[in-house]
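Enquirer: Okay, predicted coordinates and the sequence, questions at the end:
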Amino acid sequence: MDAVDNWVDNSINLEISSTEEPTLCFEEDCVLGIDEAGRGPVLGPMVYGTAYWPLSKSKHFGEMGLDDSKVLSEADREKLFELYNKENAISGWHLVCISPVTISKSMLAKDNQRESLNELSHNAAIHLIRVTLRRGVRVTEVYVDTVGPPEKYEAKLQALFPEIKITVSKKADSLFKCVSAASICAKVARDRALKSWSWREGTTYEKIGSGYPGDPVTKKFLRDSCDPIFGFPSVTRFSWSTAEDLLAKEHVKVQWTLESNKKSKGAMDLFVKKEATPKEDAFFTNRCIQQVVSL
Amino acid sequence: MMAIRMTAEPLDALSKVNVQQLPCTVNFSGKASVAQRFDTHKGKTEDGHSSAYFRGYPLVGAEIDVPSGYKGVIFTSTSDGDHGRILKAKSTFDKMSYYNWSNKPSAVDPQQSVVEWLSVSRAIHLD
């Protein structure tokens, strides 16, 4: 988890996992839980996490006090993470911290390359299962927490991993202990990442709030840190409507070339005869070359 | 008639600048915190193109050289009363970076293909 505290290049994603060899997980059938932390906030990374252990140890981990990270205090989460981490000879975890820059870039890419938050999440979950399988863990059951409708998501995962019994459900983080463990690992990582955030723009901001759009501290941070031209520091997810609206309302307007190229034809264009203007050859228009007589 | 007057001091005396072109129109003219807010996010994509980031949008770009024998010149434009405008050379550049929104840079981008005009122009205007 130290890697999260030292995540200097936080414009690219960070992947970390438990270091100890989970030997027993190579030999016995295992259960694996997946959950994410920080899906809603306009600030910081979204962390996807997985936690796994042998089915034979389910009782042991069931008695550890693991629960949905949202009902635990920050101190309790840290404590539980340490406790779980100590058991890494018979269990393991793996995390993908998706940088806010990655989130913005994916969601604001040009049409055919755009990725929604759901696609990002699904791909992260698929990646977590693959990585764990590649490590040699004998995964036989997977439990996934979901925000959207579970049926389609479950079918998607089941098709990709036909050998594994997949369960996708709402509130899985409180129903299944392995998902609780994953949610704790993910939340601890997100909190630590934000605490030790390396500010690429040169100014350090102490108080950024919870990152939820309704939080007044977050609102103040967004206002204070915004550059009228470049917008917010890269801890911000520009693709959130909170961020987009603030930029559109209060700062320099920006038109993206393709958007402004769309020449809308008004109703009058159909009736009013336009004077014929000599047409430029495509050689010039393709190269954006124009004859200029006056400026 | 309106006219454009151009004034260009010896170009060598002008400062050289870094030109970076974005694939969007920013409705602003003036100084901006480029070094702090833009340059800090420049990097390379997996296939070796330059990458950057503007207001969350992914940018992929390339650096192009001004062809030898030519010079890039930046002018400031001011009004010359009723006569038109005065363009005054302000700085020069030998290369520039340009960025596309998401798309990889290629030879058909106007920034790269514009130089083809130079050879056509030479063929029809010289001799």
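Expert: Happy to help now that I have it. Residues are numbered from 1 along each chain as shown, chains lettered A, B, ... in the order given.

Enquirer: Excluding chain neighbours, what is closest to the residue in chain B that chain A sits nearest to?
Expert: Going by CB to the nearest CB, chain A is nearest to B:G56 of chain B, at 2.4 Å. The C-beta positions use only the backbone N, C-alpha and C, and glycine is treated the same way. In space, and not counting its chain neighbours, B:G56 is closest to A:F238: 2.4 Å by CB to CB, 6 or more residues apart in numbering or on different chains.

Enquirer: Checking my notes, that neighbour in a strand, right?
Expert: No. Counting by DSSP: H, G, I helix; E, B strand; the rest coil, A:F238 is not part of a strand but coil.

Enquirer: Identify the bridge partners of the residue nearest the centre of chain B.
Expert: Closest to where the C-alpha atoms of chain B average out (CA atoms, centre = their mean) is B:V19, at 5.3 Å. On the basis of DSSP bridges, B:V19 is bridged to B:M96.

Enquirer: check contacts around it.
Expert: Taking CB atoms under 8 Å, 6 or more residues apart in numbering or on different chains, we find B:V19 in contact with B:G72, B:I74, B:F93, B:K95, B:M96, B:S97.

Enquirer: so what's the residue nearest to the third one when sequence neighbours are not counted scoring on pLDDT?
Expert: In this case it means B:F93. Excluding its sequence neighbours, the residue lying closest to B:F93 (CB to CB, 6+ apart) is B:G72, at 4.0 Å. Looking at B:G72, its pLDDT is 91.

Enquirer: Kindly report the same for the one 4 residues further on.
Expert: Model confidence at B:T76, given as pLDDT, is 87.

Enquirer: That one is in what secondary structure piece?
Expert: strand B:72-79 (DSSP states H and E).

Enquirer: and after that strand, which helix or strand comes next?
Expert: Next element after strand B:72-79 (DSSP H and E): strand B:84-93.

Enquirer: Run the angle between that next one and strand B:72-79 for me.
Expert: Using axes from the mean of the first three to the mean of the last three CA atoms, to 10 degrees, the direction of strand B:84-93 lies 150 degrees away from that of strand B:72-79.

Enquirer: buried sites along strand B:84-93?
Expert: By neighbour count on 16 or more other CB atoms under 10 Å in any protein chain shown, the buried set for strand B:84-93 is B:R85, B:I86, B:L87, B:A89, B:S91, B:T92, B:F93.

Enquirer: any chance of the residues you listed in a markdown table, plus pLDDT?
Expert: Output for the buried residues of strand B:84-93, formatted as a markdown table (pLDDT from 0 to 100):
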| residue | pLDDT |
| --- | --- |
| B:R85 | 82 |
| B:I86 | 85 |
| B:L87 | 86 |
| B:A89 | 90 |
| B:S91 | 93 |
| B:T92 | 94 |
| B:F93 | 95 |
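
Enquirer: For the residue nearest the centre of chain A, give the beta-bridge partners.
Expert: The residue lying closest to the centre of chain A (CA atoms, centre = their mean) is A:M46, at 3.6 Å. Listed beta-bridge partners, A:M46: A:I98 (assigned using DSSP bridges).

Enquirer: mind listing what A:V96 touches?
Expert: Counted by CB under 8 Å, 6+ apart, A:V96 has contacts A:N13, A:L14, A:E15, A:V47, A:Y48, A:G49, A:A124, A:H127, A:L128.

Enquirer: Let me know the closest of those to chain B.
Expert: Nearest to chain B out of these is A:N13 (CB to the nearest CB; 13.0 Å).

Enquirer: can I assume the closest one is in contact with A:S99?
Expert: Yes. Applying CB atoms under 8 Å as the test, A:N13 and A:S99 come out as touching, 5.3 Å apart.

Enquirer: Could I get the contacting residues of the residue nearest to B:F93?
Expert: B:G72 sits next to B:V19, B:V66, B:T92, B:F93, B:D94, B:M96 when contact means CB under 8 Å, 6+ apart.
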